[in-house]
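Student: Build me a model:
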Amino acid sequence: MDTSEKLTILKRFRIISIAEGISFLLLLFVAMPMKYTMDMPLAVTYTGWVHGALFVLYMYMVFPTRRALGWTVRRTLFAMVASVLPFGPFLFDRKLKEQERALKAVA
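Tutor: Predicted coordinates for the structure are as follows:
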């Protein structure tokens, strides 16, 4: 697999990761308060559905990304744990940016 393909896979994973992280934050800090303070349970229903779909997509993409980019088991576990922490995907994105810079330097 050449460097441009690796960059494409990494960028795709980063987009999914950021989208998943934003949906989680919206669920926790917007939809949940709306449900409990404004009696609007549909906010959680819709936001939760979107977040759930993005979470499944994120987890589905972790392993092909791991294989393509040669991640260690530790980095893969970090990616998986990051997905369940409120700001985790954004912290993990720092590592992904470093890897993207390294791939661009090689290309």
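Student: so which helix or strand takes in the residue nearest the centre of the chain?
Tutor: Computing the C-alpha centroid of the chain and ranking residues by Cα atoms, centre = their mean puts residue 17 first, at 1.9 Å. Assigning secondary structure by DSSP states H and E places residue 17 in helix 3-26.
Student: Can you tell me what sits against that helix?
Tutor: 47, 50-51, 54-55, 57-58, 61-62, 64-65, 68-69, 82-83, 86-90, 92-93, 96-97, 99-100, 103-104, 106-107 (Cβ atoms under 8 Å, 6 or more residues apart in numbering). Every C-beta, even on glycine, is put in place using the N, C-alpha and C of the backbone.
Student: Select from the residues you listed every entry located in strands.
Tutor: The strands, defined by DSSP state E, take in nothing from the contacts of helix 3-26.
Student: In ChimeraX, how would I select the buried members of those?
Tutor: Written as a ChimeraX command, the selection of buried residues from those, which uses 16 or more other Cβ atoms under 10 Å, is:
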select :47,50,51,54,55,58,61,62,65,69,82,83,88,89,92,93,96,99,100,103
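Student: In this protein, where's the longest helix?
Tutor: Across the chain, the helix with the greatest residue count (assigned by DSSP state H) is helix 41-69.
Student: circling back: pLDDT score assigned to the residue nearest to the centre of the chain?
Tutor: On pLDDT, residue 17 comes in at 97.
Student: Residue 95 now?
Tutor: The pLDDT attached to residue 95 in the predicted structure is 94.
Student: hang on, isn't it packed against residue 78?
Tutor: Yes - if you go by Cβ atoms under 8 Å, residue 95 and residue 78 touch, sitting 7.4 Å apart.
Student: how much space between residue 11 and residue 69?
Tutor: If you measure residue 11 against residue 69 using Cβ to Cβ, to the nearest Å, the figure is 11 Å.
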